[in-house]
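Student: Only the shape, not the letters, is given here:
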């Protein structure tokens, strides 16, 4: 009797067919149309930012604005909700990926893997969301490049060129990835030593490679942050550095302190067996509150100090996950039921080598969702700072390539490459968009600064 064929699945389209399907999408959304940007009538950046103030810790909201208003670039970093609102009004191409959501150049960094390799990758996934057009991340990235260039004193022409170069790096690497099998795409890594060889400036290239060698030798000794302190009884504690790092109970927030500790214990119990076995080699010694980032200031974040029996430290960060700003791009999309799960799953999809302790947990008493991760190595992060400061165009290209790799893991690289094409049509359009949005960011920064400076009216009793 012949074998049943009732459960056979339809054959998948070839790379050529998928590329052609992507190319046909240009008719509905021409590549040149991405150069256009105009703010919506009645758009109010102050009001958009204020939407999330009520869900943040009230005493930290002023710090959020203080950090954001330092410059147009820091403003852009904290204004993901404003840009998401702007991009939601633009046509969707129809090529979805797992989006980072807050894809600016400061949200990339270097990481040491357990195998001793140093990789470059995206490092912030608070706003990640599936089913979002690839162009959303790419537009935020090129806009951040243009704003950073203007902030650094470069001309408008250079700012546009840097942004277009970023788009070209994305295009060229996406085309390369489109020709690879899915497993090869999944295992692609941005090895920082190899990527550094692309830097034309020999002196800068040597500086980066020397930093890598030093980082590998001293990786286990890097206690640059956070700092440890010992009590009179010799007990290890996280060093207080108010108002940015402090013990919750000392600030009169004992209730939150108990919840943070209890939540970390719950997280540990829910880890997969192989990760729980490793974490069982440590005990939770101390917990402190930590103010983080620019856009995340005011969300609940704590760090847990874990020690072995020989007082060898490890730090885990427990960070609140709120609704993604990208939700406004897909109002009819599937509802997210656990924000911590959203962040962790998005990071695992996009990042080449995720943290072994990455996990999620819920504090039902406080009605908060969290994700947990090991604190990153700050010495490795300084490599990115060197590249940003001295070789912005090389750094921008590396970010563009890295974003292409991340998108290719969840999206269809052949279709995306088919839409973008071989020419620089999209590169030029995104260069123009980036400069236009940089000007809008400068205007928004000035407007919010002015609004925040206005005296607050007192309510009459």
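Tutor: Ah, there it is. All values reported here derive from a predicted model rather than from experimental measurement.

Student: Can you tell me the centre-most residue of the protein?
Tutor: Centroid check for the chain by Cα atoms, centre = their mean gives residue 124 as the closest residue, at 2.5 Å.

Student: residues near the nearest residue to residue 189 once chain neighbours are set aside, how many?
Tutor: With Cβ to Cβ, 6 or more residues apart in numbering as the criterion, residue 189 has its nearest non-adjacent residue at 4.9 Å, and that residue is residue 352. Just so you know, the C-beta spots here come from the backbone N, C-alpha and C atoms, and that holds for glycine as well. The tally of other residues near residue 352 (other Cβ atoms under 10 Å) stands at 21.

Student: Now do the same for residue 352: helix, strand or coil?
Tutor: Following DSSP: H, G, I helix; E, B strand; the rest coil, the label given to residue 352 is coil.

Student: Now do it against residue 414, distance only.
Tutor: Distance of residue 352 to residue 414, computed by Cβ to Cβ, to the nearest Å: 20 Å.

Student: Then residue 365?
Tutor: Using Cβ to Cβ, which is the criterion applied here, residue 365 is 48 Å from residue 414.

Student: One more: residue 426?
Tutor: Applying Cβ to Cβ to residue 426 and residue 414 gives a distance of 16 Å.

Student: go on, residue 121?
Tutor: Residue 121 sits at a distance of 23 Å from residue 414 (criterion: Cβ to Cβ).

Student: now residue 125
Tutor: Applying Cβ to Cβ, one obtains 25 Å for the distance of residue 125 from residue 414.

Student: which of the two has more neighbours?
Tutor: Set side by side, residue 125 and residue 414 show more neighbours around residue 125, with 29 against 24, by other Cβ under 10 Å.

Student: so that one touches residue 347, yeah?
Tutor: Yes - judged on Cβ atoms under 8 Å, residue 125 makes contact with residue 347 at a distance of 4.3 Å.

Student: Residue 318 and residue 300, how far apart?
Tutor: In terms of Cβ to Cβ, residue 318 sits 8 Å off from residue 300.

Student: between those two, what contacts are shared?
Tutor: Both residue 318 and residue 300 are in contact with residue 370, where contact means Cβ atoms under 8 Å, 6 or more residues apart in numbering.

Student: tally of neighbours for residue 452?
Tutor: Other residues within reach of residue 452, judged by other Cβ under 10 Å, total 15.

Student: Please identify the helix or strand for the closest residue to it other than its chain neighbours.
Tutor: Excluding its sequence neighbours, the residue lying closest to residue 452 (Cβ to Cβ, 6+ apart) is residue 65, at 5.8 Å. Taking DSSP states H and E as the criterion, residue 65 maps to helix 61-68.

Student: Would you mark the buried spots in that helix?
Tutor: 61, 63, 64, 65, 67, 68 (16 or more other Cβ atoms under 10 Å).

Student: Name the nearest residue to the second one, ignoring sequence neighbours.
Tutor: Leaving aside its chain neighbours, residue 63 sits nearest to residue 297 (5.3 Å; criterion: Cβ to Cβ, 6+ apart).

Student: right, and the one you found touches residue 319 too?
Tutor: No - with contact taken as Cβ under 8 Å, residue 297 and residue 319 are classed as non-touching, separated by 11.8 Å.

Student: dump the residue contacts of residue 79.
Tutor: Taking Cβ under 8 Å, 6+ apart, one finds 45, 48, 49, 68, 295, 441, 444 in contact with residue 79.

Student: 10 Å - rerun?
Tutor: By Cβ atoms under 10 Å, 6 or more residues apart in numbering, the residues touching residue 79 are 45, 48-49, 68, 72, 85-86, 102, 104, 294-295, 325, 441, 444-445, 448.

Student: Check residue 15 too.
Tutor: By Cβ under 10 Å, 6+ apart, the residues touching residue 15 are 178, 179, 180, 181, 412, 413, 414, 415, 417, 418.

Student: Helix or strand: which one has the last one?
Tutor: Residue 418 is located in helix 413-420, with elements delineated by DSSP H and E.

Student: Kindly spell out which helices and strands sit in contact with that helix.
Tutor: Other helices and strands packing on helix 413-420, by 3 or more Cβ pairs under 10 Å, 6 or more residues apart in numbering; DSSP states H and E, are helix 15-24, strand 96-99, helix 134-151, helix 156-178, helix 392-410, helix 425-453.

Student: what's the distance between the fourth one and the middle of its chain?
Tutor: Centroid separation between helix 156-178 and its chain, computed with Cα atoms, centre = their mean, to the nearest Å, is 19 Å.

Student: The longest one now?
Tutor: If you compare the mean C-alpha spot of helix 425-453 with that of the full chain, they lie 20 Å apart, counting by Cα atoms, centre = their mean.

Student: go on, the shortest one?
Tutor: Between the centre of strand 96-99 and the centre of its chain there are 13 Å (Cα atoms, centre = their mean).

Student: After that strand, heading C-terminal, what element do we hit next?
Tutor: The helix or strand immediately downstream of strand 96-99 is strand 108-112, counting by DSSP H and E.

Student: and the nearest residue to residue 132 once chain neighbours are set aside, how far is that from residue 111?
Tutor: For residue 132, the nearest residue in space outside its immediate sequence neighbours is residue 99; the separation is 3.8 Å by Cβ to Cβ, 6+ apart. Residue 99 sits 20 Å away from residue 111, going by Cβ to Cβ.

Student: between these two, which one's more packed in?
Tutor: Here residue 99 and residue 111 are compared on neighbour count by other Cβ under 10 Å; more neighbours surround residue 99, at 31 against 21.
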